[in-house]
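**Student:** okay, here's the prediction I keep looking at, along with the sequence it came from:
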Amino acid sequence: GENVEQHPSTLSVQEGDSAVIKCTYSDSASNYFPWYKQELGKGPQLIIDIRSNVGEKKDQRIAVTLNKTAKHFSLHITETQPEDSAVYFCAASPNSGYALNFGKGTSLLVTP
Amino acid sequence: GAVVSQHPSRVICKSGTSVKIECRSLDFQATTMFWYRQFPKQSLMLMATSNEGSKATYEQGVEKDKFLINHASLTLSTLTVTSAHPEDSSFYICSARARPSTDTQYFGPGTRLTVL
């Protein structure tokens, strides 16, 4: 089955700096890669996603890049703010009919 | 749009009792709902996939007789934890997908279950 690795497990940056979280996946059939933000005691919130026919996608301060050859994808947050502090999960799905396989999460702390 | 609710948000019960958790898609019809379990500081673990009108598909290691899932309508799925034990204490989260052909999953706010 699909195995999603996520790094780093914790990340601390200063407000205004950029944060990058990386994930790798094992199943070459995976074609959908969402990123979720989870605050303490809440459910995950979809922040951005990318499909395998696209190499990069951007939404304001958030961007995701995908390298299908190397089987890795990354989340980039620019101009970080304290409210960006949360746990971020990457996920991969081989097909529209399948559930998501999650990485282990990255705890991001943005200090003022 | 794409709002998923869960009820209750928090429940405490005695060992041996059963607890029902509801997952509703509020502004769309969900042909498929997923149930996840999350332990503190860990990732989400898929428990089962629930398709409207059919039996749920359980992941390996998840007891279907203990975690009963019913997806009776396009907007409601329920998870019943039967004969709950302290080790069942966890954060249970559902997600919903609008159509079979779409990948996007929207998650509920989660239910914190504590079994005494």
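**Tutor:** Structure's in. What do you need? Worth saying up front: this structure is predicted, and the values here are computed from it rather than measured.

**Student:** low-confidence stretches in chain B?
**Tutor:** Along chain B, the model assigns pLDDT under 70 to residues B:1, B:99-102.

**Student:** just the buried positions in the strand or helix carrying residue A:33, please.
**Tutor:** Following DSSP states H and E, one finds residue A:33 within strand A:32-38. Buried residues in strand A:32-38, counting neighbours by 16 or more other CB atoms under 10 Å in any protein chain shown, are found at A:32, A:33, A:34, A:35, A:36, A:37, A:38. Every C-beta, even on glycine, is put in place using the N, C-alpha and C of the backbone.

**Student:** of those, list those near chain B.
**Tutor:** A:32, A:34, A:36 (CB under 8 Å from any CB of the partner chain).

**Student:** for chain B, state which of those residues is nearest.
**Tutor:** Distance to chain B, by CB to the nearest CB, is smallest for residue A:32 among those, at 4.1 Å.

**Student:** that closest one against residue A:46, yeah?
**Tutor:** No: in this structure, residue A:32 is not within contact of residue A:46 by CB atoms under 8 Å, at 11.7 Å.

**Student:** contact partners for residue 33?
**Tutor:** All of this refers to chain A. Applying CB atoms under 8 Å, 6 or more residues apart in numbering or on different chains to residue A:33 gives the contacts A:23, A:25, A:49-52, A:64, A:66, A:73, A:90-93.

**Student:** wrong one, I was asking about chain B
**Tutor:** B:23, B:25, B:49, B:50, B:71, B:77, B:94, B:95, B:96, B:97.

**Student:** try it again at 7 Å.
**Tutor:** Neighbouring residues of residue B:33 by CB atoms under 7 Å, 6 or more residues apart in numbering or on different chains: B:23, B:50, B:71, B:77, B:94, B:95, B:96.

**Student:** go ahead and confirm residue A:4 touches residue A:25.
**Tutor:** Yes: the criterion here is CB atoms under 7 Å, and residue A:4 meets it with residue A:25 at 5.2 Å.

**Student:** show me what counts as buried in stretch A:7-18.
**Tutor:** A:11, A:13.

**Student:** that stretch and chain B in contact?
**Tutor:** No: using CB under 7 Å from any CB of the partner chain, we find that stretch A:7-18 stays clear of chain B, coming within 9.6 Å at best.

**Student:** what sits against residue 37?
**Tutor:** Just so you know, I chose chain A. Applying CB under 7 Å, 6+ apart, we find residue A:37 in contact with A:44, A:45, A:47, A:86, A:88.

**Student:** my question was about chain B
**Tutor:** Neighbouring residues of residue B:37 by CB under 7 Å, 6+ apart: B:45, B:47, B:90, B:92.

**Student:** could you give the bridge partners of residue B:45?
**Tutor:** residue B:37 (DSSP bridges).

**Student:** got the contact list for it?
**Tutor:** Residues near residue B:45 by CB under 7 Å, 6+ apart: B:36, B:37, B:38.

**Student:** about what we covered before: what is in contact with residue A:4 and residue A:25 at once?
**Tutor:** residue A:92.

**Student:** got the buried residues for stretch B:9-16?
**Tutor:** Neighbour-count burial for stretch B:9-16 [16+ other CB under 10 Å]: B:11, B:13.
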